[in-house]
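Asker: Need a 3D model of the following:
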Amino acid sequence: CMELWQLEAYAEIRDLISAYNSFGDRGRFDDLMELFAETAVMDIDDGRLYEGTDQIKTIFTDTNDSLSKGNSPSYIQHHTASTHIEFEGTKKANSKSYFSVFLSHGIDHWGRYEDKFENINGKWLFIYRRVKTDGWLPGGWAAERLEGKN
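Answerer: This next block holds a predicted model:
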């Protein structure tokens, strides 16, 4: 049986994961950075770690620039599913989720999120996110960036 604090934390963490997709897809990068602890680390499986919100923000601004070039898609949608959250005491949690990304041509790429969260001053924040892309549509946007790396 879950305790009340676990139910509340579970709901807040699920909302945090959802807000990440919503803010990122809509280009609300300042709002997106508020979901991360200042010292958070993000690993997008490109061979480097992005440390701190200033570096993490470049992932999204660079992606936005890439999507805006040439024959750009009219929208981007990230979908997250099968999120499993485990708590380490009352202030730390980990989760694993699947994601899929749709562009105007349909599904573009998919993979997994591995997250670590911390409750800092009463607010759950990302302290670590690993994005592992498992597959992509040949000829799609992600294929241009990922083929040959995996």
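
Asker: Give me the nearest residue to Phe117, chain neighbours excluded.
Answerer: Spatial nearest neighbour of Phe117, chain neighbours left out: Ala93 (4.6 Å); criterion: C-beta to C-beta, 6 or more residues apart in numbering. For every residue, glycine as well, the C-beta is placed using N, CA and C.

Asker: The one you found in helix, strand or coil?
Answerer: strand (DSSP: H, G, I helix; E, B strand; the rest coil).

Asker: On the pLDDT front, check it for me.
Answerer: What the model reports as pLDDT for Ala93 is 98.

Asker: Quick one: the helices in the protein, in order.
Answerer: Along the chain, counting by DSSP state H, helices occupy 4-25, 29-33, 52-68, 141-146.

Asker: wait, doesn't Val52 sit right on Met33?
Answerer: I think there's a mix-up here, since residue 52 is Gly and not Val. No - contact criterion C-beta atoms under 8 Å: Gly52 and Met33 do not qualify, at 9.9 Å.

Asker: Could you pull up the residues touching the residue nearest to Phe117?
Answerer: Counting by C-beta atoms under 8 Å, 6 or more residues apart in numbering, Ala93 touches Ala9, Ile13, Ile85, Glu86, Phe87, Lys116, Phe117, Glu118, Trp124.

Asker: between the residues you listed, which is nearest Ser97?
Answerer: Ile85 (9.2 Å; C-beta to C-beta).

Asker: Quick check: the closest one touching Tyr10?
Answerer: Yes - counting by C-beta under 8 Å, Tyr10 is a contact partner of Ile85 at 5.8 Å.

Asker: Low-confidence bits of this protein, can you list those?
Answerer: Where the chain drops to pLDDT under 70, the residues are 63-74, 148-150.

Asker: how about a cut-off of 90?
Answerer: Filtered on pLDDT under 90, the chain yields the residue ranges 1-2, 26-27, 45-47, 60-76, 104-105, 141-150.

Asker: Thanks a lot, catch you later.
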